[in-house]
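Visitor: sequence first, then the predicted structure:
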Amino acid sequence: MIRDWDLPTAEFQKILEPYGVQPLSRPTRLLGGLANHNYLIESKIDTYVLTIFESKSQEDVHAQVRLLNHLSQHKFTASLPVSRSDGHEVSAFQGHPVLLRTYLKGQVPKHLDRKQVREVGTLIAKLHQIPPPKTLTTTHEYGIEFIQAILASPYHPDAFFDWLQQMNDKVSKGLGTSQICLIHGDVFTDNIIVSPEGRLVFIDFEEACLGPRAYDLGMTLVGTCISRQYPDVNLISQLIEGYQQITSLDDEELRSLKYFATMAAMGTTFWRYNAYFLNSKDPAKRLIYQEMQAVAEAILSIPDNLFVKLNK
């Protein structure tokens with residue numbers, strides 16, 4: 001594992017040299033990015049974000065580069081990859097992929113108000129309208145197929161996996177069909193930037209893939225419309241209204257939305273369980289998965305026809 005305090009300025013200079021970037025001072029570690037190490041790089045020419053990936057492969061990062069360039073070609077704002085002097089974008093440090101991108105000015109919000117959640121819905125819908133690149137993966141790292149595969153594989157039974165199985169049995173019956181498109185897969189507030197002008201921009205497209213748009217909207221609901229571990233109906237209505245300003249959801253997608261959102265919360269719960277309960281040495285984070293566990297149960301308790309009613 002790479003630790004940011006192990007990287008003196010000389011190491012950063014070595015990493016940045018192929019990009020022709022000379023930092024003015026020691027890079028600053030950015031908050032967020034649980035699976036990455038992100039640093040703010042200030043130079044005479046511009047400001048950048050340097051990412052050292054902890055768990056992604058070189059091919060994963062190359063795919064992300066292709067996607068970011070694809071989004072730019074379709075006028076969707078995203079942080080753009082910076083090329084090295086040899087024309088390639090991806091480097092390596094201690095066996096880990098490295099990517100340098102343009103810096104998007106703004107702040108990561110702690111919470112979003114109704115107007116901002118509505119804008120998030122509009123942004124997600126615009127993303128879903130973009131033709132997916134041919135090289136886009138069809139697998140979300142902790143999506144529906146992931147949960148199904150985990151439950152189908154041998155494991156040592158415990159209370160958490162019993163809960164996951166019980167939830168999956170309930171959710172699977174409610175999942176309907178949904179249009180397949182390019183999805184972000186991880187729209188939480190810490191993957192949103194509020195620009196100095198107040199405009200919202202998505203960052204962190206690492207989980208982007210080809211998938212059901214209702215699943216992506218459900219993940220966005222989990223990431224932006226939860227208050228004290230319970231879904232905020234007022235915010236959800238804004239999310240749906242913002243989405244449908246661009247494109248319409250059919251009744252089956254609206255009815256299934258709570259099940260897609262529950263599945264998204266289950267996947268996030270498992271990610272936290274694996275990362276913090278099973279593999280973290282930080283006792284303060286060991287039970288953090290239980291917060292998302294409660295969110296999944298709360299979403300599943302929503303009446304089936306609520307989102308259809310919100311659309312009337």
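Guide: Structure received. Bear in mind the structure is a predicted one, so any value in this text is a computation, not a measurement.

Visitor: what pairs with C181 across the strands?
Guide: Under DSSP bridges, the beta-bridge partners of C181 are G211.

Visitor: spit out the contact partners of it.
Guide: Neighbouring residues of C181 by Cβ atoms under 8 Å, 6 or more residues apart in numbering: H128, Q129, P132, L210, G211, R213. From N, CA and C alone the C-beta is placed, and that goes for glycine too.

Visitor: these into CSV, with extra columns for distance to Q245 and neighbour count?
Guide: Shown next, in CSV, are these (distance: Cβ to Cβ, whole Å; neighbours: other Cβ atoms under 10 Å):
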residue, distance to Q245, neighbour count
H128, 13, 20
Q129, 12, 14
P132, 22, 18
L210, 24, 15
G211, 22, 27
R213, 15, 23
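
Visitor: grab the most central residue of the chain for me.
Guide: By Cα atoms, centre = their mean, the mean C-alpha position of the chain lies nearest to D186, the distance being 2.0 Å.

Visitor: that one and C209, how far apart?
Guide: To C209, D186 is 10 Å away according to Cβ to Cβ, to the nearest Å.

Visitor: test my guess that L235 contacts V222.
Guide: No: using Cβ atoms under 8 Å, L235 makes no contact with V222, being 11.5 Å away.

Visitor: ok, the two, which is more surrounded?
Guide: Using other Cβ atoms under 10 Å as the criterion, L235 and V222 rank with V222 on top: 27 against 23.

Visitor: kindly state the pLDDT recorded for the more buried one?
Guide: According to the prediction, V222 has pLDDT 98.

Visitor: next one: D4
Guide: D4 is given a pLDDT of 47.

Visitor: and D162, by the same measure?
Guide: So D162 comes in at 91 (pLDDT).

Visitor: secondary structure class of it, three-state.
Guide: helix (DSSP: H, G, I helix; E, B strand; the rest coil).

Visitor: neighbours of it, how many?
Guide: Residues lying near D162 (other Cβ under 10 Å) number 10.

Visitor: next one: the one 3 residues further on
Guide: Applying other Cβ under 10 Å, we find 13 other residues in the vicinity of Q165.

Visitor: ok, back up a step: I'd like the contacts of C181 written out as JSON lines, with distance to I41 and pLDDT added.
Guide: Supplementary listing: the contacts of C181 in JSON lines, determined by distance: Cβ to Cβ, whole Å; pLDDT from 0 to 100:
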{"residue": "H128", "distance to I41": "32", "pLDDT": "98"}
{"residue": "Q129", "distance to I41": "33", "pLDDT": "98"}
{"residue": "P132", "distance to I41": "31", "pLDDT": "95"}
{"residue": "L210", "distance to I41": "32", "pLDDT": "95"}
{"residue": "G211", "distance to I41": "32", "pLDDT": "95"}
{"residue": "R213", "distance to I41": "35", "pLDDT": "97"}
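
Visitor: and the longest helix seen in the chain, what's buried?
Guide: The longest helix of the chain (DSSP state H) is helix 251-272. Residues 253-272 are the ones in helix 251-272 that count as buried (16 or more other Cβ atoms under 10 Å).

Visitor: contacting residues for the residue nearest to the centre of the chain?
Guide: D204, E206, E207, M219, G223 are the contacts of D186 under Cβ under 8 Å, 6+ apart.

Visitor: for L99, same thing?
Guide: Contacts of L99 (Cβ under 8 Å, 6+ apart): L50, T51, F53, V61, Q64, V65, P81, E89, V90, S91.

Visitor: lowest pLDDT pick from those residues?
Guide: F53 (90).

Visitor: now the helices for the stretch 201-312 of the chain?
Guide: Secondary structure of the stretch 201-312 of the chain (DSSP state H, counting those that start in this stretch): helices at 213-224, 233-244, 251-272, 289-300, 306-310.
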